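1. The following block contains a protein sequence and its predicted model.
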Amino acid sequence: MSLKFEKIIPTQNQNDELFSLLNNRKYSISHTSTPSKNEHSEFVSAHPYRVWYLVYKNKSLIGSVYLHVDNSVGIDLIEYYESEIFSVIKYIKDNHKPLHGQILECLIIGDIFSWVMHWW
């Protein structure tokens, strides 16, 4: 099954979807307490990433992915198969060139993803 990627503009619906994903995360790496809906909306409106997508499978939201200016990639999928992770990575690699000649490789151990940057 193929995944669909919807670029964050953001619209009100996208804001709501992202807030729902945030509230359902198992782990947080960027905050100690969940921001309010208004704080989250301000964050999304600030366009903090180079590009940001909602990820859908069979018309159901399964997560989001972003590409940062330092070429790091953030993947947040609710439930997934390993093949879906690789599909997300492939989509980013096929549609976005790394800045500053860097290439990312991914190491997956259980639920932990580690990105390694390589120079050309």
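-> Perfect, I can see it now.
2. what about the spatially closest residue to K7 that is not a sequence neighbour, distance to S33?
-> Residue nearest to K7 in three dimensions, not counting chain neighbours: Y53, with 5.7 Å by Cβ to Cβ, 6 or more residues apart in numbering. Any C-beta I mention is one placed from the backbone N, CA and C, and that applies to glycine too. Distance of Y53 to S33, computed by Cβ to Cβ, to the nearest Å: 26 Å.
3. quick revisit: give the other helices and strands that the strand or helix carrying the residue nearest to K7 contacts.
-> Y53 is part of strand 51-57, with elements assigned from DSSP states H and E. Secondary-structure packing of strand 51-57 (3 or more Cβ pairs under 8 Å, 6 or more residues apart in numbering; DSSP states H and E): strand 3-7, helix 12-23, strand 60-67.
4. and the longest helix for the chain?
-> helix 82-95 (DSSP state H).
5. Output that one as PDB, restricted to C-alpha atoms.
-> The C-alpha trace of helix 82-95 is given here as PDB (Å, rounded to 0.1, in the frame of the first residue of the first chain):
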ATOM      1  CA  GLU A  82       9.400  -1.200   8.900                       C
ATOM      2  CA  SER A  83       8.500  -0.900   5.200                       C
ATOM      3  CA  GLU A  84       6.500   2.300   5.900                       C
ATOM      4  CA  ILE A  85       9.600   3.900   7.600                       C
ATOM      5  CA  PHE A  86      11.600   3.100   4.500                       C
ATOM      6  CA  SER A  87       8.800   4.500   2.200                       C
ATOM      7  CA  VAL A  88       8.900   7.700   4.200                       C
ATOM      8  CA  ILE A  89      12.700   7.900   3.900                       C
ATOM      9  CA  LYS A  90      12.600   7.100   0.200                       C
ATOM     10  CA  TYR A  91      10.000   9.900  -0.400                       C
ATOM     11  CA  ILE A  92      12.200  12.500   1.400                       C
ATOM     12  CA  LYS A  93      15.300  11.300  -0.500                       C
ATOM     13  CA  ASP A  94      13.500  11.300  -3.800                       C
ATOM     14  CA  ASN A  95      11.900  14.700  -3.400                       C
END
